[in-house]
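Trainee: structure of the sequence below:
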Amino acid sequence: MIISASRRTDIPSFYSEWFYNRLREGYVLVRNPMNAHQVGKISLSPEVVDGIVFWTKNPIPMMGRLSELDGYHYYFQFTLTAYGKDVEPGIPSKNQRMIPAFCELSKQIGRERVVWRYDPIFLSEDYTVEYHLKYFRVLAKKLAPYTDTCTVSFLDFYRNAAGALRPRGIRAPSREEQLTLMCNFSETAKADGIRVNTCAEEGDFAGYGIGHACCIDRERLERIGGVRLDVKKDPNQREACGCVSSMDIGVYNTCPNGCIYCYANYGPNRQGGRVSRHDPGSPLLWGEIREGDVVKERKAVSYADRQLSLFDRQRRF
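Mentor: Got it, this is the predicted structure:
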């Protein structure tokens, strides 16, 4: 089983104490976002958890206790863009806090366990193609010693975010602009020893050496853990998404970062009340068990295949 922590909210930034408490207790409760009365109990035992993928824009609150993750295989999807406070109001200074945090996290856990995300890419009067080319180059130079991969994607106009984006003149790049960006990003990253891939993009940029990403990445977890994983593509994700199956333990409408492009908050003021009701000691990230709720233990099995294949045996000689 692979844990996603989380596509729905920034657990390392805002809920790290809760997460470490859940590791200590050995399980987490997750309310089904499609059925409010259905609650899953998910084991966090190292015996069944083959990997944890953290999604964050600020891992600093989590970094002082990384030793508590000993026994787990994990890596971070770390989003670090060139947008300012007008777009990402809740993110600390990129130069003073986030770039140093990226480098320090990599020093602590290793280059392969910190994936740089430069996404979503959009254009406006302030954020032009030239702007992205300039600051991608700046960031790549600074981050190259500390990561091996950069994952990019282009803006999707999710219904809940469109109202904040269109009045600002924000738009997705055209196909021609995408090609310009990808060509330059690829050349820049390659010179710095970084591989670029795209997240859930249907466009083909193979001509620039850019492939499709697997953000929940079986092969990366296999390399980190030193064991093969028998896990398939996640059927609940878009066709262009390369992620393998995982269990997400986050909750929508609980991220205070306030990024104007966010799909996980359904409005600019929805998350405030939920954050105020967060209890770090609760098995639920938000809320409590209510009358009518049904708690069911989710089947949790390891995907690890510890039997040596013929190929493995041949490779040893």
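Trainee: which stretches of the stretch 101-250 of the chain form helices?
Mentor: Remark: helices of the stretch 101-250 of the chain, listed N- to C-terminal, are 129-143, 159-165, 175-191, 218-225; assignment by DSSP state H, counting those that start in this stretch.
Trainee: gap between the longest one and the chain center?
Mentor: The one in question is helix 175-191. For helix 175-191, the distance from its own C-alpha centre to the chain's C-alpha centre is 22 Å (Cα atoms, centre = their mean, to the nearest Å).
Trainee: quick one: buried residues of it?
Mentor: Judged by neighbour count (16 or more other Cβ atoms under 10 Å), helix 175-191 contains these buried residues: 177-178, 180-186, 188-189. From N, CA and C alone the C-beta is placed, and that goes for glycine too.
Trainee: could I get that helix in CSV with only the CA atoms?
Mentor: Backbone C-alpha positions of helix 175-191 (Å, rounded to 0.1, in the frame of the first residue of the first chain) are rendered in CSV as follows:
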residue,chain,number,x,y,z
ARG,A,175,0.3,25.0,-27.8
GLU,A,176,3.0,27.1,-29.4
GLU,A,177,3.8,28.7,-26.1
GLN,A,178,3.9,25.3,-24.5
LEU,A,179,6.5,24.1,-27.1
THR,A,180,8.6,27.2,-26.5
LEU,A,181,8.6,26.6,-22.7
MET,A,182,9.2,22.9,-22.9
CYS,A,183,12.1,23.3,-25.4
ASN,A,184,13.8,25.8,-23.2
PHE,A,185,13.1,24.1,-19.9
SER,A,186,14.5,20.8,-21.3
GLU,A,187,17.7,22.5,-22.4
THR,A,188,18.1,24.4,-19.2
ALA,A,189,17.4,21.3,-17.0
LYS,A,190,19.6,19.0,-19.0
ALA,A,191,22.6,21.3,-18.7
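Trainee: what is the mean pLDDT for it?
Mentor: When pLDDT is averaged along helix 175-191, the result is 98.
Trainee: got the angle between it and helix 129-143?
Mentor: Helix 175-191 and helix 129-143 are oriented at 20 degrees to each other (axes from the mean of the first three to the mean of the last three Cα atoms, to 10 degrees).
Trainee: for helix 175-191, which helices and strands make contact with it?
Mentor: Here helix 175-191 is seen to pack against helix 129-143, strand 149-154, strand 195-198 when contacts are counted using 3 or more Cβ pairs under 8 Å, 6 or more residues apart in numbering; DSSP states H and E.
Trainee: thinking again about what came up before, figure out which of the helices of the stretch 101-250 of the chain is closest to W18.
Mentor: Each of the helices of the stretch 101-250 of the chain has some distance to W18 by Cβ to Cβ; the shortest is helix 218-225, at 23.4 Å.
Trainee: and that closest one with strand 149-154, angle?
Mentor: 150 degrees.
Trainee: residue closest to the middle of the chain?
Mentor: With distances taken as Cα atoms, centre = their mean, the chain has W55 as the residue nearest its mean C-alpha position (3.0 Å).
Trainee: helix, strand or coil for it?
Mentor: Under DSSP: H, G, I helix; E, B strand; the rest coil, the three-state class of W55 is strand.
Trainee: nearest to E125, of the buried residues of helix 175-191?
Mentor: If you rank the buried residues of helix 175-191 by distance to E125 using Cβ to Cβ, E177 comes first, at 14.5 Å.
Trainee: so N58 touches M98, yeah?
Mentor: Yes. Under the criterion of Cβ atoms under 8 Å, N58 is in contact with M98, at a separation of 6.6 Å.
Trainee: joint contacts of these two?
Mentor: Taking Cβ atoms under 8 Å, 6 or more residues apart in numbering as the contact rule, the neighbours common to N58 and M98 are 91-92.
Trainee: in what helix or strand does R22 lie?
Mentor: If you go by DSSP states H and E, R22 is part of helix 16-25.
Trainee: which SS class is the residue nearest to N58 when sequence neighbours are not counted?
Mentor: Of all residues beyond its chain neighbours, the one nearest N58 is S13 (4.2 Å), with distances taken as Cβ to Cβ, 6 or more residues apart in numbering. State at S13, reduced to three classes by three-state DSSP: helix.
Trainee: what's S13 in contact with, if anything?
Mentor: The neighbours of S13, taking Cβ under 8 Å, 6+ apart as the test, are 56-62, 257.
Trainee: please apply the same query to F14.
Mentor: Neighbour list for F14: 61, 254-256, 275 [criterion: Cβ under 8 Å, 6+ apart].
Trainee: ditto for G40
Mentor: Taking Cβ under 8 Å, 6+ apart as the definition of contact, the neighbours of G40 are 29-32, 247, 295-298.
Trainee: now list the buried members of those.
Mentor: 29-31, 247.
Trainee: tell me which two of the residues you listed sit farthest apart.
Mentor: Greatest spacing in these, by Cβ to Cβ: R31 and M247 (12.9 Å).
Trainee: so which of the contacts of S13 sit within helices?
Mentor: Residues from the contacts of S13 lying in helices, with DSSP state H as the criterion: 60-62.
Trainee: scan the residues you listed and report the most crowded one.
Mentor: Most neighbours among the ones in helices among the contacts of S13, by other Cβ atoms under 10 Å: M62, with 22 neighbours.
Trainee: right, I'll leave it there.
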